[in-house]
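Colleague: Test case, fold it:
(one chain, ligands or ions: 3)
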Amino acid sequence: MDDTSRIDKARGVLFGLALGDCLGAPFEDKVGVTDAHIVAQENAGDPLTHTDDTALALVLSRHLAHRRGDAREPSDLVDLDQLATEFAAAWHAEPWRGYGGGVTKSFRLIVEGTPWRQAIRAVYPEGSFGNGGAMRVAPVALVGADVAQVAELARRSAEVTHAHEDALHGAVCQAVAVHAALALAPDEPVRAGDFVDTVRRAVPSPLWQDKLDHVIGLVERQAGPAEAAEVLGNDVSAPGSVPLALLSFLRNAGSPSDAVRFAIRAGGDTDTVASMAGALAGAHSGYAAWPRNAVSRLEAAAQLHLYAEHLA
Ligand code: F2R
Ligand code: MG
Ligand code: MG
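Modeller: Ligands and ions are numbered 1, 2, ... in the order given. Sure thing, here's the model as predicted:
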């Protein structure tokens, strides 16, 4: 892949993540949302304001970009102590971005001086299984050289807030899927079975294998958003949202706006599912495939361009 294509795909990932978040946020937990409602949002004149999903993805992008020059081992790209501090500082600067209840308490403890390993177990002793690790993980797919590196970086980027194994599997699932989508040419059809098999090998857990089996079944019978949400879930947990994002992409491969709209019409945690679907669709189709009017209105557009160029 030449430099221009690599940068276009990196922009596709980060702008897709942010666009899905911004377009999905107004529809969280709303029922009866149609394509017409979402298209009106895409074409409105207002700036598009992001939530915690994009805010933390920007922090992770900056972290990876800064560490790139110094890292001796690929795993050095994520410094756990530093990343935990940077995430907590982002929450402290903008607590109104719509953060989850558990992570809010953890970030407050970290800002007050509690070591992060202790802070993230203070709320849920078994760790959070929320989708916060997965929603922000896409930038690691831009810097990991292969599936093993991407999976390791995904786990490291997630474990500073999410200790539950399902949250870590969710981050790995999303990051490996973005990595696999980046490897496909924009005009290359996505073979859902092969694609899901790549992801499947990275998440060796009965629950996740079952979820991925359902994804394949739903692709085969061309399920719509309502059935997809009923079978896979559409909530703030990692297992209840990451598979739905993957399905939204696979059901609309080659048409990024439709992938985001499908995710939003599935309801529930719409900012996060649409954001993860957007990152996947942008990884496959590239920045050029996103509607210019909408991406130019993203409040973080300048930072997204900068980090995409750094990480590409
Ligand atoms: N939280 C939201 N949206 C709803 C609230 C918006 C706003 N704050 C408001 O008040 O209106 N969106 C964002 O949160 C999700 C990412 O969450 P994250 O970062 O994983 O946070 P957390 O708090 O760790 O987990 C989220 C919820 O999952 C449940 N949960 C997690 N682990 C649990 C456990 N071990 N036991 C029981 N419950 C657990 C809790 O309900 C957590 O609050 C994204 O959707 C992002 O957009
Ligand atoms: Mg959010
Ligand atoms: Mg959300």
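Colleague: residues in contact with R97?
Modeller: Residues near R97 by CB atoms under 8 Å, 6 or more residues apart in numbering: 50-52, 55, 91. From N, CA and C alone the C-beta is placed, and that goes for glycine too.
Colleague: out of these, who's nearest ligand 2?
Modeller: T51 (3.2 Å; CB to the ion).
Colleague: Give me the pLDDT for the nearest residue to the closest one once chain neighbours are set aside.
Modeller: Excluding the flanking residues, the one nearest T51 by CB to CB, 6 or more residues apart in numbering is G98, at 4.2 Å. Looking at G98, its pLDDT is 98.
Colleague: in this protein, what spans have low per-residue confidence?
Modeller: In the predicted model, the chain carries no residue with pLDDT under 70.
Colleague: Just checking stretch 258-274 against ligand 2, any contact.
Modeller: Yes - shown here: stretch 258-274 in contact with ligand 2 (CB under 5 Å from the ion) through D271.
Colleague: The residue in the chain that ligand 3 sits nearest to: helix or strand, and which one exactly?
Modeller: Here the chain gets closest to ligand 3 at one residue, T272, 3.3 Å apart by CB to the ion. For T272, the enclosing helix or strand under DSSP states H and E is helix 270-285.
Colleague: Which one (most neighbours) among the contacts of R97?
Modeller: D52 (26 neighbours; other CB atoms under 10 Å).
Colleague: Does that residue touch G132 like I think?
Modeller: Yes - taking CB atoms under 8 Å as the definition, D52 is a contact partner of G132 at 7.4 Å.
Colleague: got any residues that touch both of these two?
Modeller: Residues within reach of D52 and of G132 at once, by CB under 8 Å, 6+ apart, are G100.
Colleague: Turn the contacts of R97 into JSON lines, columns for secondary structure.
Modeller: Below are the contacts of R97 laid out as JSON lines (DSSP: H, G, I helix; E, B strand; the rest coil):
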{"residue": "H50", "secondary structure": "coil"}
{"residue": "T51", "secondary structure": "coil"}
{"residue": "D52", "secondary structure": "helix"}
{"residue": "A55", "secondary structure": "helix"}
{"residue": "W91", "secondary structure": "helix"}
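Colleague: Now distance to H63 too, for those, in TSV please.
Modeller: TSV is the format used below for the contacts of R97 (distance: CB to CB, whole Å):
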residue	distance to H63
H50	18
T51	19
D52	16
A55	13
W91	15
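Colleague: quick one, helices of the stretch 51-200 of the chain?
Modeller: 52-67, 80-93, 101-111, 116-123, 132-135, 139-143, 147-159, 165-182, 192-202 (DSSP state H, counting those that start in this stretch).
Colleague: And for the stretch 201-312 of the chain?
Modeller: Counting by DSSP H, counting those that start in this stretch, the helices of the stretch 201-312 of the chain are 206-220, 225-232, 242-250, 256-265, 270-285, 292-295, 301-311.
Colleague: Measure how the fourth one sits relative to helix 270-285, angle-wise.
Modeller: Inter-element angle recorded for helix 256-265 and helix 270-285: 160 degrees (by axes from the mean of the first three to the mean of the last three CA atoms, to 10 degrees).
Colleague: T49: what's it in contact with?
Modeller: By CB under 8 Å, 6+ apart, the neighbours of T49 are 22, 25, 299.
Colleague: Can you give me the neighbour number for the first one?
Modeller: Read it as C22. That count, for C22 with other CB under 10 Å as the rule, works out to 28.
Colleague: That one is in what secondary structure piece?
Modeller: Counting by DSSP H and E, C22 is found in helix 3-24.
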